[in-house]
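Visitor: Model the following, please.
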Amino acid sequence: MSSKMSANLVSSMSNENRHLADFVPSFWGDIFLSTPPGMDMDARTQQEYEELKQKVRRMLVTNTDKPSQKLHIIDAVKRLGVAYHFEKEIEDALEVIYDHYCNHIQIDDDEDLYTTAVRFRLLREHGFNVQCETFNKFKNEKGKFKVSLISDVKGMLELTFMTKVISLTSIVDDTYDAYATYEELEIFTKAIHRWDINCPDQLPDCMKLCYSELLKVFKDMEDLMSEQGKSYRVQLAKEAMKQVCQAYFVEAKWLHEHYMPTVEEYLSVALVSTCYPMLTIVSFVGMEDSITKETFTWAFNTPKILRASTIICRLMDDVVSHQFEQEREHVPSAVECYIKQCGVSAQEAYDEFYKRINNAWKDMNEAFLKPTVVPTSALNRILNLTRVIDLLYKDEDAYTRVGDSAKTSITALLIDPISI
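Guide: Next up, the predicted model:
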């Protein structure tokens with residue numbers, strides 16, 4: 001989806017009045033187009049490899065007293081990325097499972113929400129006609145999921161939207177930051193505030209897909225949460241997204257008018273444009289009932305821990321990225337604002353901001369002291385989002401240009417082979 005949007009943006013615009021960045025080529029080059037060194041297998045490893053394949057194949061074709069086990073084996077094989085070795089076996093097994101479904105045969109006496117969700121997803125992925133009504137047995141007479149399912153965490157994890165929101169927000173950020181003209185951003189921001197699926201007709205061509213996809217993600221989320229009587233959660237997430245776009249637009253206006261705000265004026269907007277208040281609320285949407293409406297209201301009002309998180313995010317980002325950003329026309333960062341306001345050097349600005357970052361971490365820690373204002377599970381969402389920033393921006397802007405820490409993590413996960 002991201003590449004399609006990028007192509008749409010680039011192909012339908014001229015460079016006039018666009019603050020395009022001179023991004024360096026990908027650090028990884030074509031490395032992912034070839035097999036990593038060390039992946040060639042010797043005869044002994046090849047034999048073990050074939051034996052494991054046969055073992056998995058037997059697990060897929062052997063009849064079992066507990067058919068759900070086979071369903072979870074298929075799911076595991078697909079998640080591991082080795083399903084291409086067993087395409088026929090998987091298809092045959094799913095045919096049997098689908099036949100049971102059509103004949104209303106429950107695959108296990110203790111079939112739970114997670115198993116039902118896995119079956120629904122796998123059958124749909126393979127083109128079988130499975131109806132959403134299969135989930136009705138987990139709902140009460142009001143059509144809502146039963147309270148007893150709160151502990152069925154795996155089932156709820158099937159229904160997550162965080163990745164989509166982060167991906168789309170990154171695209172929206174780039175639209176405000178580089179791709180769109182100021183006039184186009186005025187139209188786009190007004191459309192976001194209206195939040196109307198018919199608005200794309202009034203948008204420039206390069207913005208229509210991005211706008212439609214953003215609304216679709218939140219609509220899908222809203223449909224799901226409405227079934228559980230929690231649509232208010234999505235409404236607050238929408239409002240938080242509107243605040244993000246408004247903050248992006250204020251920054252674009254500052255750039256357009258060549259305006260240099262004070263540090264505090266800058267932070268009043270730039271802490272919102274970190275997206276962390278919005279992402280925190282989005283991360284709460286699919287959580288258990290211990291996350292109440294009061295928890296959402298608490299987060300929406302930017303409590304101390306969330307403000308600390310946004311300070312860490314904004315200042316760590318600005319310190320390591322402002323020099324590259326200022327090579328083109330770009331909104332001033334906290335560093336430029338502080339230098340201008342206080343008449344100090346860049347290093348003195350860095351020193352001041354690192355003090356603020358350290359103090360913000362103290363505020364983060366303080367929020368976990370018992371008794372906590374909200375459930376610890378909510379606080380952990382904020383903490384984990386902040387840890388991402390500490391990884392990506394500790395020494396350099398590893399989000400824009402892959403840094404050493406990110407290289408190490410990505411290499412360990414995706415490039416270096418795992419010994420059998």
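Visitor: So which residues of the stretch 101-250 of the chain form helices?
Guide: Listed in chain order, the helices of the stretch 101-250 of the chain (DSSP state H, counting those that start in this stretch) span 113-125, 153-157, 162-174, 182-194, 205-227, 231-256.
Visitor: worst average pLDDT in these?
Guide: Lowest mean pLDDT within these: helix 153-157, at a mean of 45.
Visitor: Outline the domain layout of this protein.
Guide: Domain ranges of the chain: 46-157, 162-415, per automatic domain parsing.
Visitor: ranking the ones you listed by burial, who's on top?
Guide: Highest mean neighbour count among these (mean count of other CB atoms under 10 Å): domain 162-415, with a mean of 18. Quick note: C-beta positions are derived from backbone N, CA and C, even for glycine.
Visitor: And it, end to end?
Guide: One end of domain 162-415 to the other measures 25 Å (CA to CA, to the nearest Å).
Visitor: okay if I get the helices of the stretch 101-250 of the chain as a markdown table plus distance to R79?
Guide: Below are the helices of the stretch 101-250 of the chain laid out as a markdown table (distance: least, CB to CB, whole Å):
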| stretch | distance to R79 |
| --- | --- |
| helix 113-125 | 11 |
| helix 153-157 | 13 |
| helix 162-174 | 15 |
| helix 182-194 | 35 |
| helix 205-227 | 22 |
| helix 231-256 | 28 |
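Visitor: Nearest to D317, out of those?
Guide: Nearest to D317 among the helices of the stretch 101-250 of the chain is helix 162-174; the distance by CB to CB comes to 11.6 Å.
Visitor: all strands for this protein, in order.
Guide: Remark: no strands are assigned in the chain by DSSP state E.
Visitor: which stretches of it have low pLDDT?
Guide: Along the chain, segments meeting pLDDT under 70 span 1-17, 19-23, 35-40, 104-111, 145, 147-160, 405, 417-420.
Visitor: Most remote residue from the middle of it, which is it?
Guide: A43 (42.2 Å; CA atoms, centre = their mean).
Visitor: now K253: how far from E239?
Guide: To E239, K253 is 21 Å away according to CB to CB, to the nearest Å.
Visitor: And the residue lying closest to M241 once chain neighbours are set aside, how far from T169?
Guide: Nearest non-adjacent residue to M241, counting by CB to CB, 6 or more residues apart in numbering: M278, 5.6 Å away. Distance from M278 to T169, counting by CB to CB: 7 Å.
Visitor: Which residues are in contact with each of these two?
Guide: 241, 244 (CB atoms under 8 Å, 6 or more residues apart in numbering).
Visitor: residues contacting the closest residue to Y393 other than its chain neighbours?
Guide: Leaving aside its chain neighbours, Y393 sits nearest to M316 (4.1 Å; criterion: CB to CB, 6+ apart). Applying CB under 8 Å, 6+ apart to M316 gives the contacts 357, 389-390, 393-394.
Visitor: A308: which of those residues is nearest?
Guide: Of all those, A308 sits closest to I357, with 9.3 Å by CB to CB.
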